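Participant: how would this look folded up:
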Amino acid sequence: MGAHWDGRVGLPDPRRGRCTCGGTLQDGIGAVIPPNIAVDLNESVRDFWKRRLEVHTHDTYRGLVLAKMPEDLRTYQHIIEESKPEVVLELGSFAGGSALWFADQLQALLGRKTMPLVVSVDISAVSFRDDRVVFINGDVKNHSTQMLVEPYLRGRRVMISEDSQHTYESTIAALNGFARFVSPGCWFVVEDGIVDSVELRLPRYRGGIDKAIVEFLAADGGRRFERFGVAPYGITTCINGWLKAAP
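Facilitator: Residues are numbered from 1 along each chain as shown. Next comes the predicted model:
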């Protein structure tokens, strides 16, 4: 039997195939920590990654669902620190956890004396409120949504995180409609390019993100961007989606 770790305190014991000491972290902390994912050391990285994808929406940040992988969150911290945006435009709010996380990162990593700002767009309303976050009800495919966000971005240093519908149609609309707001030296992150991989994506997705990015970069509006293979921790859901505007 291969080594297996179920999240209990200690390391997996290859002689017995399972960690046998202590209780789980949840025993002492409660619902703040999401459920453990058992680790089989004989399992492929691909299969382990797919199991993580299936449960990653169980995670929360300050009480709100945050459906992003920890490797990508850490990478976001790096690019925020490197490019120093004043505003994050988030396309796709979900439950609002990522908007709150971005606001906290801007404040913590950049130490700004003025309040940071996150402008978060979604077709569905989000219930929570924070003085640093503006929620806008809109569809990235509609030109009117661009007009709604523009007043909040004008004259400020802007980064974009695109995490809406993960289709060709929504991705190309977001790139063509909103990339003009990205400041020189800042990033446009297209999330979940992983849906273009049949082996890695969840069954409900059909792909099209990479096609949209390639078309955008070849057009006039995309020529000031360079695509980087950013994966400092080996894996990312944002495959081929880290686009940086020229300084």
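
Participant: When you work out contacts or count neighbours from here on, use the C-alpha atoms and nothing else.
Facilitator: Fine.

Participant: so K84 touches A108, yeah?
Facilitator: No - applying Cα atoms under 8 Å, one finds K84 not in contact with A108, separated by 11.6 Å.

Participant: Which of the three states applies to V119?
Facilitator: Secondary structure state of V119, per DSSP: H, G, I helix; E, B strand; the rest coil, is strand.

Participant: ditto for V88
Facilitator: Three-state call for V88 (three-state DSSP): strand.

Participant: Quick check: bridge partners of it?
Facilitator: Beta-bridge pairing for V88 (DSSP bridges): V118, M159.

Participant: my guess is it contacts E162, does it?
Facilitator: No - the pair V88 / E162 is not scored as a contact, 10.4 Å apart, by Cα under 8 Å.

Participant: domains in the chain, as residue ranges please.
Facilitator: The chain breaks down into these structural domains: 4-43, 70-245 (assignment by automatic domain parsing).

Participant: In stretch 197-216, which of the residues would be classed as buried?
Facilitator: 200-201, 207-210, 212-213, 216 (16 or more other Cα atoms under 10 Å).

Participant: which residues are contacting it?
Facilitator: With contact meaning Cα atoms under 8 Å, 6 or more residues apart in numbering, stretch 197-216 is reached by 46, 49-50, 53-54, 166-169, 171-172, 175-176, 192-196, 222, 240-241.

Participant: again, but for stretch 114-134
Facilitator: With Cα under 8 Å, 6+ apart as the test, stretch 114-134 has contacts from 86-96, 99-100, 102-103, 106-107, 135-140, 149, 152, 164.

Participant: Of the residues you listed, which belong to strands?
Facilitator: If you go by DSSP state E, those have 87-91, 135-137 in strands.

Participant: just so I have it, where are all the strands in the chain?
Facilitator: Remark: strands assigned in the chain by DSSP E are 4-5, 39-40, 60-61, 64-65, 87-91, 117-122, 133-137, 158-162, 187-190, 225-228, 242-245.

Participant: Is L217 in contact with N240, as I believe?
Facilitator: No - using Cα under 8 Å, L217 is not in contact with N240; the gap is 11.8 Å.

Participant: Compare these two (neighbour count), which wins?
Facilitator: Ranked by neighbour count (other Cα atoms under 10 Å), L217 and N240 place N240 first, with 22 against 18.

Participant: OK, contacts around the closest residue to that one other than its chain neighbours?
Facilitator: Of all residues not flanking N240 in the chain, G229 sits nearest, at 6.0 Å (Cα to Cα, 6 or more residues apart in numbering). Neighbouring residues of G229 by Cα under 8 Å, 6+ apart: 239-242.

Participant: Format those as TSV; extra columns: distance to S127 and pLDDT.
Facilitator: As requested, the contacts of G229 are exported to TSV (distance: Cα to Cα, whole Å; pLDDT from 0 to 100):
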residue	distance to S127	pLDDT
I239	30	91
N240	32	92
G241	29	97
W242	30	98
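
Participant: between these, which is nearest I79?
Facilitator: Nearest to I79, judged by Cα to Cα, of the contacts of G229 is W242 at 9.8 Å.

Participant: Distance of D104 relative to K68?
Facilitator: Distance, D104 to K68, using Cα to Cα, to the nearest Å: 15 Å.

Participant: do S144 as well
Facilitator: For S144 relative to K68 (Cα to Cα), the value is 28 Å.

Participant: same question, G111
Facilitator: Per Cα to Cα, G111 is found 24 Å from K68.
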